[in-house]
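Colleague: build me a model from this:
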Amino acid sequence: MTNIKFNFKNPGITKGFQAFQILRFAAVFSAGILLSKGKVSIVDIGSYESLIFISGAFSFFWVTGILNSLLSTYSLDFNAGKKGIFYNTTVLLIALNTLLVLILMVLKNAIIGLLPEGSEQIFPLILVYMLLNNPSYLIEHIFLLKQKTKQLLIYGSTQLLYYLLLFSIPFFTEFDIYFCLYGLILLAFFKVLYLIFLIKKECEFSFNKAMIYQQLTIASPLIFSFLLAGSAEYIDGFIVSTHFGSDQFAIFRYGARELPLAVLLSSSLSAAFIPRLSTPSNLSFELNALKKESLKLMHLLFPITIILVFFSSYLYPIIFRPEFISSAAIFNTYLLLLISRVAFPQTIVLAHGRNKIILKIALIELFVNFTFSYLFMLQFGLIGIAFGTLMAYFIEKLILMFYVKKLYRINISQYLSTKAWCFYSLLLIVAYYISFRL
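Modeller: You can find the predicted model right below:
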């Protein structure tokens, strides 16, 4: 493989990709609100949530791993040329997705056991939804790599409008949840058709075994690292459930969440810069661009987070129930994760295809998370588990920063505005301390 020049002529695609992620989140969030406020029963809402949860839990790690490997390898000249990469990525996604669905069919009884009582009949719908929906995640990445901001925003806006229309019908009428579930499957079907149209338009239908093997080799460490990172949430839940009662488990779960805007904007910024940083000739320029975008995120997210730290204890009883006021302290602790979110050494590592180090660091993070969560729990109680998660995230970023400095001779100041980062981090920590004392 030889490197070829990959130049982003449209820097606005980064903001476009961030906007798309917000539109997708708004679609899912609005669906949840419409269901909770409408005429749908709690059991039916549980069926919808089960479809979303099961399909995501068994898919997020390997789909994300393959798509991230696509972003890092797009600027490489494969044997069949770059034009066939989307087609072969689709083949890989469909093959793994079909294998997953077959495995779930074999494990039918175990999967049904995870569903709420009365929701067993949605199992076939979950399989069909996964079969159609998982490959469609490639669509937004094609737009990203082809730098088509307008099409990306239209695609995201269309999904939002579809969700609003679909979930508004049972809100105003007596339609049951199956109307929405079939509507989601129909949307997934149309997305697959659109994906086929895009592939036919943007690349060649040229099967390349070497290209697929190369992508799978690059993606494998990422798949396992995302799986390990996702399992951290379940480890925390396991510690809570084995040492506290069910009421405390609910309090922890309602508090153990980050600011969604921070997660969406930071993850989409990282994804957008992976192909931009993969070209050595543009590295210095793109590092500076990443630094500027990261600074913009700080200016936006830190003030919002600091305000939330002070007012979360007032908001939680209003948004949820008065019993969940204790969740606010856990939520405030998770808000401190923003300090590590706005630093992007992992983006540089991913852009250079060093995915094995991501896997090794994920193993370290998992070990640190379990160890410190347990030790801090013994010392501080329920909130100590949140401290352990915080510690794991910070150690992960510090190791990545050290790795980038040692291997690529890239200083932190080249991709992060260190003065602003330290200033905002200190403000957030002080705000957290004050709110904790109050």
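Colleague: which residue lies farthest from the center of this protein?
Modeller: Farthest-out residue of the chain from its mean C-alpha position, per Cα atoms, centre = their mean: Glu174, at 34.0 Å.
Colleague: which SS state does that one fall under?
Modeller: Here Glu174 is recorded as coil under DSSP: H, G, I helix; E, B strand; the rest coil.
Colleague: so what does it have for phi and psi?
Modeller: The phi/psi pair for Glu174 (degrees, to the nearest 10) reads phi -100, psi 10.
Colleague: mind listing what it touches?
Modeller: Lys39 (Cβ atoms under 8 Å, 6 or more residues apart in numbering). Using the backbone N, CA and C atoms, a C-beta is placed for each residue, glycine as well.
Colleague: quick one: low-confidence parts of the stretch 1-150 of the chain?
Modeller: Along the stretch 1-150 of the chain, segments meeting pLDDT under 70 span 1-11, 75-83, 116-118.
Colleague: if we can go back for a sec, how close does the residue farthest from the centre of the chain get to Gly38?
Modeller: Glu174 sits 10 Å away from Gly38, going by Cβ to Cβ, to the nearest Å.
Colleague: break the protein into its domains for me.
Modeller: 10-207, 231-438 (automatic domain parsing).
Colleague: make a markdown table out of the ones you listed and add distance to Ile223.
Modeller: As requested, the domains of the chain are exported to a markdown table (distance: least, Cβ to Cβ, whole Å):
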| stretch | distance to Ile223 |
| --- | --- |
| domain 10-207 | 3 |
| domain 231-438 | 9 |
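Colleague: hang on, Asp236 in a helix?
Modeller: Yes. The assignment for Asp236 by three-state DSSP puts it in a helix.
Colleague: number of nearby residues for the nearest residue to it once chain neighbours are set aside?
Modeller: Excluding the flanking residues, the one nearest Asp236 by Cβ to Cβ, 6 or more residues apart in numbering is Ile385, at 5.4 Å. Using other Cβ atoms under 10 Å, Ile385 has 27 other residues around it.
Colleague: element containing Ile385, please.
Modeller: Element membership of Ile385 [criterion: DSSP states H and E] is helix 382-408.
Colleague: I'd like to know which elements the helix or strand following that helix is packed against.
Modeller: Downstream of helix 382-408, the first helix or strand assigned by DSSP H and E is helix 412-415. Where contact means 3 or more Cβ pairs under 8 Å, 6 or more residues apart in numbering; DSSP states H and E, helix 412-415 is packed against helix 283-319, helix 345-351.
Colleague: so how far is the helix or strand just after helix 412-415 from its chain's centroid?
Modeller: Note on helix 412-415: by DSSP H and E, the next helix or strand toward the C-terminus is helix 418-437. Using Cα atoms, centre = their mean, to the nearest Å, the mean C-alpha position of helix 418-437 is found 25 Å from that of the whole chain.
Colleague: next, the angle helix 382-408 makes with helix 418-437.
Modeller: Going by axes from the mean of the first three to the mean of the last three Cα atoms, to 10 degrees, helix 418-437 is angled at 170 degrees with respect to helix 382-408.
Colleague: kindly export helix 418-437 (C-alpha atoms) in CSV.
Modeller: The C-alpha trace of helix 418-437 is given here as CSV (Å, rounded to 0.1, in the frame of the first residue of the first chain):
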residue,chain,number,x,y,z
THR,A,418,-3.6,23.5,26.7
LYS,A,419,-4.1,26.9,28.4
ALA,A,420,-7.8,27.0,27.6
TRP,A,421,-8.1,23.3,28.5
CYS,A,422,-6.4,23.8,31.9
PHE,A,423,-8.4,26.9,32.6
TYR,A,424,-11.8,25.4,31.8
SER,A,425,-10.9,22.1,33.6
LEU,A,426,-10.0,24.0,36.7
LEU,A,427,-13.2,26.0,36.6
LEU,A,428,-15.3,22.8,36.2
ILE,A,429,-13.5,21.1,39.0
VAL,A,430,-14.0,24.1,41.3
ALA,A,431,-17.7,24.3,40.3
TYR,A,432,-18.0,20.6,41.1
TYR,A,433,-16.3,21.0,44.5
ILE,A,434,-18.6,23.9,45.4
SER,A,435,-21.7,22.0,44.3
PHE,A,436,-20.6,18.9,46.2
ARG,A,437,-20.0,20.9,49.4
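Colleague: what mean pLDDT does that helix get?
Modeller: For helix 418-437, mean pLDDT is 94.
Colleague: do stretch 318-337 as well
Modeller: Throughout stretch 318-337, pLDDT has a mean value of 85.
Colleague: starting at the chain centroid, how far to it?
Modeller: 22 Å.
Colleague: show me what the helix or strand where Leu93 lies is packed against.
Modeller: Taking DSSP H and E as the criterion, Leu93 maps to helix 85-106. When contacts are defined as 3+ Cβ pairs under 8 Å, 6+ apart, helix 85-106 sits against helix 60-73, helix 123-133, helix 138-145, helix 177-202, helix 209-243.
Colleague: what distance do you get for the residue most central in space within the chain to Phe60?
Modeller: Residue closest to the mean C-alpha point of the chain, counted by Cα atoms, centre = their mean, is Ser267 at 6.5 Å. Computed with Cβ to Cβ, the distance linking Ser267 and Phe60 is 12 Å.
Colleague: and Leu35, by the same measure?
Modeller: Applying Cβ to Cβ, the value for Leu35 to Phe60 is 22 Å.
Colleague: more neighbours: the two, which one.
Modeller: Shown here are Leu35 and Phe60; by other Cβ under 10 Å, Leu35 has more neighbours (21 against 16).
Colleague: quick one: which helix or strand includes that one?
Modeller: Taking DSSP H and E as the definition, Leu35 sits inside helix 12-37.
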